[in-house]
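Chemist: Generate a structure from the sequence data that follows.
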Amino acid sequence: MLSLLKTIRDAIASWWSEFTLQTKLLAVATLVVSLVMSGLTFWAVNTIQQDARMNDTRFGRDLGLLLAANVAPLVADNNLTEVAQFSQRFYSSTSSVRYMLYADENGEIFFGIPFWDAEVENSLTIKRRIQLPEDYPGDGEKPMVRQHMTPDGVVTDVFIPLIVNKKYLGVLAIGINPNQTAIISTNFTRDVTIAVFITIWVMVILAGVINALTITKPIKELLVGVKQITTGNFKQRIDLPLGGELGELILSFNEMAERLERYEEQNIEELTAEKAKLETLVSTIADGAVLIDNNMQVILVNPTARRIFGWETTDVVGCNLLHNLPPVVQMEISGPLYEMAAGECESAEFRIFINQPTPRTIRILLTTVLNVQRESIKGIAITVQDITREVELNDAKSQFISNVSHELRTPLFNIKTYIETLHDYGEDLALQERQEFLQTVNHETDRLTRLVNDVLDLSKLESGRQYNFDGVDLAQAIEQTLRTYQLNAKDKGVELLQEVTANLPLVMGNYDLLVQVFGNLIGNALKFTKAGGKVAIRAYQLDFKPNHTQSSPVRIEISDTGIGIATEDQHSIFERFFRVENRVHTLEGTGLGLSIVRNIIDRHRSKVHLVSEVGIGTTFWFDLTAFEEKAPAIQVEAIAEASKITTG
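Modeler: Next up, the predicted model:
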């Protein structure tokens, strides 16, 4: 039952909500008017009924008194025959009397009209006692009047005491029928009121239906159509057979929608092409690009930004940007982003180091996007630049400047000191002392020369300079290098070994560059190998061939039993300006030798590798392509071109 009532209540609420405000006001006004009219009508009916009851009461009391005055002496004389005849004549002469009952002082009925009626007979013949009201005074002199409801209407009961010579003889009960004229008038008034009430509401309902069919429904259709046009659905049409101004409005709406649809079809290709151009442009730029609206929702993001922030598998378009950024980035830029969205600033720049998805340093540029009139903010453009390499180069540059400054200051100071001493006190010094001073100056000059030469060599390699590549005899290059460092090895007490396979084929390369590689690697090996250690250079041909048209490559290894290279340093050992001696604090150097080696081997289209263990030693190795006598000249050009790409 409760569910049924709830369903009915919800249905009524839903039905009521569909009406417009004007319709609701009309319904409320109609309800109020109809209720007021109905109330006035029922008040009038009730007034008429009360007046009719009062008239019936007066009539019954007067009629009872008149009748009692005539029959009381007859009852006193016990002349019941005359009482019956008189009562019969009186009952027959008027239609207002429903019944007449005579009872003695004990309430026993001794005569009644109509005594032949079944209802009277059943109710009186059996009991033969009159049922007097509880508040009947008994032997009082005044009549008592009451009313009771019957199927034929309200009957007025009048109880008149029969008193003769102040003696109470009994009671006369008379039933008075209601006034038929008043009943007819009351019923007519009631029927008219109900008819008026129903007519009003029928007219209201008909007016509502007509309003819904002729005005409300077309307006709703127009409202739905306008909303569809607003969302970009230009195929929306309204098909209602209406005339007049409303019909013209619907026709104009359909014409507008048709024109918008044609305009959309004409410009959709151009808009799509422009959008594709913009997306292609944004996706191809090297920097990351993210466009967000004022609510921090991502509108556009290019592949570079996805890669930097690790969004390759996440669709962030339409999501809140701050919820998808690394925590350190979110903490840095969230405040400025909200300030820019509120128009408090126009741009901002940040440099942030992030650990996820990969460790890198990024520069973030925030710029507001304004409308054409430059009056309101439409969004925020975020440019993300990966400056990890730049930071590393700056750090390396700072390290290089520090190293070079230190390396230049010491020999220059020594040279200046000894030269000034020779200049000022040369004649006072012994010949041996002057020779020692000059030898020190010469040694310091060599240190300066090596530093300058390393810098110049690295600059040439990275400048894209062209080198001629031809067949190189590795045995000859290795022999020349060993002769250069033989004396140095002997002075340090390090054994210098050569293990070169006989009849090695020529390799494709540049003789001078390879000699420089061997010199740098052997020089480093000697530098970090203690007395009694060994340094070996090996060259042998591998057993496999890269393809069926080329010979097997030749591998060169330079090994030592020196201090070794720590695992954490091995990934940086070939970087420019990186010096292991910065960690071991034993030897001097520029930190450019291995960087030069890597650049030279890269020009030979190969890679240099190393295996090292602290306290055991280090081995550097790389492979060179065997030289073919009939190889086309384009191979040399390809190598040169590859060197451009590598260095660039």
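Chemist: residue contacts, residue 310?
Modeler: Each residue near residue 310 by C-beta atoms under 8 Å, 6 or more residues apart in numbering is listed here: 356, 357. For every residue, glycine as well, the C-beta is placed using N, CA and C.
Chemist: With the one 4 residues further on instead?
Modeler: Residues in contact with residue 314, defined by C-beta under 8 Å, 6+ apart, are residue 324.
Chemist: cool, residue 174 as well?
Modeler: 60, 63, 64, 67, 97, 99, 100, 101, 157, 158, 160.
Chemist: Let me know the distance separating the closest residue to residue 360 other than its chain neighbours from residue 361.
Modeler: Nearest residue to residue 360 in three dimensions, chain neighbours excluded: residue 388, at 4.3 Å (C-beta to C-beta, 6 or more residues apart in numbering). Counting by C-beta to C-beta, to the nearest Å, the gap from residue 388 to residue 361 is 5 Å.
Chemist: Okay, now stretch 564-571: how far is its last residue from its first?
Modeler: The first and last residues of stretch 564-571 sit 14 Å apart, counting by C-alpha to C-alpha, to the nearest Å.
Chemist: Which parts of the stretch 151-300 of the chain are strands?
Modeler: Secondary structure of the stretch 151-300 of the chain (DSSP state E, counting those that start in this stretch): strands located at 153-164, 167-176, 288-292, 298-301.
Chemist: would residue 318 count as being in a helix?
Modeler: No: counting by DSSP: H, G, I helix; E, B strand; the rest coil, residue 318 is located in no helix; its state is coil.
Chemist: how about it, what does it touch?
Modeler: By C-beta under 8 Å, 6+ apart, the contact set of residue 318 is 297, 298.
Chemist: Quick one, grab the pLDDT at it.
Modeler: What the model reports for residue 318 is a pLDDT of 87.
Chemist: Also residue 636?
Modeler: Residue 636 is assigned 37 on the pLDDT scale.
Chemist: begin at 57 from here
Modeler: Renumbered: residue one is now 57, and that last one reads residue 692.
Chemist: For stretch 544-555, give the mean pLDDT please.
Modeler: What stretch 544-555 shows for mean pLDDT is 91.
Chemist: Please give the centre-to-centre distance between stretch 145-156 and its chain.
Modeler: 93 Å (C-alpha atoms, centre = their mean, to the nearest Å).
Chemist: tally of neighbours for residue 653?
Modeler: Using other C-beta atoms under 10 Å, residue 653 has 24 other residues around it.
Chemist: Any idea which of the strands of the stretch 207-356 of the chain gets closest to residue 133?
Modeler: Evaluated over the strands of the stretch 207-356 of the chain, closeness to residue 133 peaks at strand 209-220, with 9.1 Å, by C-beta to C-beta.
Chemist: Please tell me how far the residue lying closest to residue 609 once chain neighbours are set aside sits from residue 660.
Modeler: In space, and not counting its chain neighbours, residue 609 is closest to residue 679: 4.3 Å by C-beta to C-beta, 6+ apart. With distances taken as C-beta to C-beta, residue 679 is found 9 Å from residue 660.
Chemist: go on, residue 364?
Modeler: As judged by C-beta to C-beta, residue 364 and residue 660 stand 34 Å apart.
Chemist: Please name the nearest non-neighbouring residue to residue 320.
Modeler: Per C-beta to C-beta, 6+ apart, closest to residue 320 is residue 290, 5.4 Å.
Chemist: Can you pull the phi/psi pair for the one you found?
Modeler: Phi and psi for residue 290, reported as degrees, to the nearest 10, are phi -80, psi 0.
Chemist: ok so, going back, dump the strands of the stretch 207-356 of the chain to a markdown table, plus mean pLDDT and distance to residue 395.
Modeler: Listed next are the strands of the stretch 207-356 of the chain as a markdown table, based on pLDDT from 0 to 100; distance: least, C-beta to C-beta, whole Å:
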| stretch | mean pLDDT | distance to residue 395 |
| --- | --- | --- |
| strand 209-220 | 80 | 87 |
| strand 223-232 | 82 | 96 |
| strand 344-348 | 88 | 14 |
| strand 354-357 | 88 | 19 |
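Chemist: out of these, nearest to residue 277?
Modeler: Closest approach to residue 277 among the strands of the stretch 207-356 of the chain (C-beta to C-beta): strand 354-357, 34.4 Å.
Chemist: which strands and helices sit next to the closest one?
Modeler: Using 3 or more C-beta pairs under 8 Å, 6 or more residues apart in numbering; DSSP states H and E, the elements in contact with strand 354-357 are strand 344-348.
Chemist: Name the residues that touch the strand it packs on?
Modeler: Applying C-beta under 8 Å, 6+ apart, the contact partners of strand 344-348 are 338, 354-358, 360-365, 377, 393, 425, 435-442.
Chemist: Please pick the buried ones from those residues.
Modeler: 338, 354-358, 360-362, 364-365, 377, 393, 435-442 (16 or more other C-beta atoms under 10 Å).
Chemist: Show residues contacting stretch 395-410.
Modeler: With contact meaning C-beta under 8 Å, 6+ apart, stretch 395-410 is reached by 350-352, 382, 384-385, 388-389, 392, 415-424, 433, 436, 443.
Chemist: what residue lies at the spatial centre of this structure?
Modeler: residue 375 (4.9 Å; C-alpha atoms, centre = their mean).
Chemist: what sits opposite the residue lying closest to that one once chain neighbours are set aside in the beta ladder?
Modeler: Once flanking residues are discounted, residue 375 sits nearest to residue 354: 5.8 Å by C-beta to C-beta, 6+ apart. Residue 354 has these beta-bridge partners by DSSP bridges: residue 348.
Chemist: Run through the residues that contact residue 354.
Modeler: Residues in contact with residue 354 (C-beta under 8 Å, 6+ apart) are 346, 347, 348, 372, 373, 374, 375, 376, 377, 380.
Chemist: Pop out the phi and psi values for the residue lying closest to the first one once chain neighbours are set aside.
Modeler: Read that as residue 346. Sequence neighbours aside, residue 438 is the residue nearest to residue 346 in space, at 4.1 Å (criterion: C-beta to C-beta, 6+ apart). Note on residue 438: its backbone torsions stand at phi -120, psi 120 [degrees, to the nearest 10].
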